[in-house]
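[1] got a predicted model here, sequence first, then my questions.
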Amino acid sequence: MIPINQPMLGKEEIDVVAKVLKSGGLTHGLGAGPMVTVFEGAFAKFVKVKHAIATNTGTGALHLALASTCIGSACEVIVPSFTFVATAEAIVFAGAKPVFVDIDPETYTIDPETIEKVVTKRTRVIMPVDLYGLPVAMKRIREIADKHNLKIVEDAAQAHGATYCRKPAGWFADVACWSFYGSKNMTTGEGGMVTTDCDENVDTMRFMRSHGEKEKYNSVMLGHNYHMPEMEAAIGIEQLKKLPKFVAKRRRNAERLNSILEKSKRLQLPIEPEGSKSSWYLYTVRLKSATREKRDAFVDKLRQKGIGSVVCYVNPIHLMSYYRKFGERKLPVTEEASNQVLSLPVHPAVTEKQIDFIGNTVLKLLK
């Protein structure tokens, strides 16, 4: 089976983890050990911002970013429903209400024109998601946020190495949040990062990451335990060095797959709008006019052929039983996409021969 994603780990990661284990310094009381500090500095430089705050998960990063903005039960956060549940989950844990909006039918990212329609006096944050590795068209969202005095917290969990208007993903937001889960373009096993170019709330996020402690045993606010272990940070340092090559290989694979699949009129292929460069975390196509049943049957046939196709976000968040209580909404573009999209492997371990096999198998099955 050709997996949809797999971690790309080598001798460098093994050696640096062994070094940390031998040192005995596996973590740090305030979450800021030497490896974590180096990783934070390197990642901030990579995404061209001043501050990076490492966390134990991407979900923790999202919660930290939102909770530090002092939102509460009277506040609303505008967010797409077509994303992993952690995006909305963090909003609820921060005490706010998620307000779900629709997506662009070609990029699958939040549709900026749906945002302003739901802005109210309670709105505090816009939370766009760089889905499948494609960065959101942030200039229009930045205009809306500035007009209504709103913060932008960008979920960039899938966008390592992506760019928008020649800037790294997350650069146009007030705060961006990243994941280093095992399937991501670079990984620390688990782990996350908050990045920002703003000085505001940086200290607050660092304190909140470690039980609200300004110094050991001196909590100045309510906090949590979002420490990234030293071993994970060490892996992250090595993975970040390799990330540009990882993304370049993903791009080559995606372009090769595009050249094969463009022969079919039954597929909507992934695009990169002008000014955007995807990280190609997932190569996602749409089976035009398909029902959910037909799409699922097609995915099953691909798996039988040894292709690890997956369907991400088969259930949009606004239709999940728990999240219905935040308001019934009709999101037709989101709901149609959830019935028709499927993803194919393009990660760096996939060879050209395998890409040709994947593409030609898809074409044969479509016939």
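    Looks like it came in fine. Numbering: from 1, shown residues only.

[2] all helices for the stretch 51-200 of the chain, in order.
    All helices of the stretch 51-200 of the chain, identified by DSSP state H, counting those that start in this stretch, fall at 58-67, 86-93, 112-115, 138-147.

[3] in the third one, what's buried?
    Put plainly, it is helix 112-115. 112, 114-115 (16 or more other CB atoms under 10 Å). Bear in mind the C-beta positions are built from the backbone N, C-alpha and C, glycine included.

[4] again, but for the last one
    Neighbour-count burial for helix 138-147, counted by 16+ other CB under 10 Å, picks out 138, 141-142, 144-145.

[5] from the residues you listed, pick the one nearest residue 277.
    residue 138 (13.5 Å; CB to CB).

[6] gap between the spatially closest residue to that closest one that is not a sequence neighbour and residue 165?
    Excluding its sequence neighbours, the residue lying closest to residue 138 (CB to CB, 6 or more residues apart in numbering) is residue 172, at 3.8 Å. Going from residue 172 to residue 165 by CB to CB, to the nearest Å gives 8 Å.

[7] spit out the residues that contact the two alike.
    Common neighbours of residue 172 and residue 165, using CB atoms under 8 Å, 6 or more residues apart in numbering, are 138-139.

[8] more neighbours: the two, which one.
    residue 172 (22 against 14; other CB atoms under 10 Å).

[9] list the contacts of that one.
    138-139, 141-142, 152, 154, 164-165.

[10] okay, now residue 262: neighbour count?
    11.

[11] show me the contacts for it.
    Going by CB under 8 Å, 6+ apart, residue 262 touches residue 269.

[12] try residue 235
    Contacts of residue 235 (CB under 8 Å, 6+ apart): 9, 13, 16-17, 187-189.

[13] what is the mean pLDDT for the strand or helix carrying it?
    In this structure, residue 235 is located in helix 230-261 according to DSSP states H and E. What helix 230-261 shows for mean pLDDT is 98.

[14] could you do stretch 351-367 as well?
    Mean per-residue pLDDT for stretch 351-367: 97.

[15] circling back to that earlier point, how about TSV for the contacts of residue 235, with pLDDT added?
    Shown next, in TSV, are those (pLDDT from 0 to 100):
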residue	pLDDT
9	97
13	98
16	98
17	98
187	98
188	98
189	96
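
[16] and which of the residues you listed is nearest to residue 284?
    Here the nearest of the contacts of residue 235 to residue 284, counting by CB to CB, is residue 187; it sits at 20.1 Å.

[17] that closest one - how many residues pack around it?
    23.

[18] got the contact list for it?
    Applying CB under 8 Å, 6+ apart, the residues contacting residue 187 are 7, 9, 180-181, 235, 239.

[19] which two in these are spaced the farthest apart?
    Greatest spatial distance among the contacts of residue 187 (CB to CB): 9 and 181, at 13.8 Å.

[20] which of those two has more residues huddled nearby?
    More crowded of residue 9 and residue 181, by other CB under 10 Å: residue 181, with 20 against 16.

[21] assess the claim that the more buried one and residue 190 are in contact.
    Yes. With contact defined as CB atoms under 8 Å, residue 181 counts as touching residue 190 (6.2 Å).

[22] overlap in contacts, these two.
    With CB under 8 Å, 6+ apart as the test, residue 181 and residue 190 both reach residue 57.

[23] quick check: domain ranges of this protein?
    Per the record, the chain has its domains at 11-238, 244-366, by automatic domain parsing.

[24] what's the most buried one of the ones you listed?
    Of all the domains of the chain, domain 11-238 carries the top mean neighbour count, a mean of 21, counting by mean count of other CB atoms under 10 Å.

[25] distance from that one to the middle of the chain?
    Put simply, domain 11-238 sits 9 Å off its chain's centre (CA atoms, centre = their mean, to the nearest Å).

[26] from here on, count from 46
    In the new numbering, first residue 46, that becomes domain 56-283.
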